[in-house]
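Asks: I need the structure of the sequence given here:
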Amino acid sequence: MMREQAGALIVLVDGMLIGERARIAEHRLPAVYGMTDHVEAGGLMAYGPSVPDRYRRAATFVDKILKGAKPGDLPIEQPTRFELVINVRSAKALGLTIPPALLLRADQLIQ
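Replies: Numbers count the residues shown, from 1 in each chain. Okay, the predicted model is just below:
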C-alpha cells in the first residue's frame, strides 16, 4: 500500500489482519475497518457488526445446544446490530475533519 501510494484503505475482517492492526495504523492512512479493535489501535474508523451483540447471540446458540438441540438444525443468522466507531484523535493526526453529522451518528468516539 505504501509502494503504490494508496490515499486511503478499506481493511476487511480477516484473522491475519487482526495481528497486524498496529502495523497498519502506523502507516497513517485514512482507513475504514470492519472491527473496532483496529480503531482502538489507532485506526480512523470502523463500521461492522456489534461484537457484544455477536457474543450474546452466540450464547443463545450454546444454550440451545446444551439443552439438546442439534447444531445443524439451528438457523444461520445475519448480524442485526452494527456499530460505527470513530477515532477522533487519529482524524486530527491525519489532518481530517469528520463531519458533525457523522460524529453524531457514531456509537462510540475515541478521544
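Asks: now the helices: where do they sit in this structure?
Replies: Assigned by DSSP state H, the chain shows helices spanning 15-18, 21-25, 36-40, 51-66, 88-93, 100-105.
Asks: For those, give me JSON lines that also has mean neighbour count and distance to residue 73.
Replies: For the C-beta atoms, the positions are set from N, CA and C on the backbone; glycine is no exception. Listed next are the helices of the chain as JSON lines, based on neighbours: other CB atoms under 10 Å; distance: least, CB to CB, whole Å:
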{"stretch": "helix 15-18", "mean neighbour count": "10", "distance to residue 73": "28"}
{"stretch": "helix 21-25", "mean neighbour count": "16", "distance to residue 73": "36"}
{"stretch": "helix 36-40", "mean neighbour count": "21", "distance to residue 73": "32"}
{"stretch": "helix 51-66", "mean neighbour count": "12", "distance to residue 73": "9"}
{"stretch": "helix 88-93", "mean neighbour count": "15", "distance to residue 73": "44"}
{"stretch": "helix 100-105", "mean neighbour count": "10", "distance to residue 73": "38"}
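Asks: which stretch among these comes nearest residue 72?
Replies: Between residue 72 and the helices of the chain, the shortest gap by CB to CB is with helix 51-66, which sits at 10.5 Å.
Asks: Need the contact partners of that closest one.
Replies: Identification of contacts with helix 51-66 by CB atoms under 8 Å, 6 or more residues apart in numbering yields 35, 36, 71, 74, 77, 79, 80, 81, 83.
Asks: neighbours around the fourth one, how many?
Replies: A count of neighbours around residue 74, defined by other CB atoms under 10 Å, yields 12.
Asks: how about low-confidence regions in the chain?
Replies: Applying pLDDT under 70 to the chain flags no residue at all.
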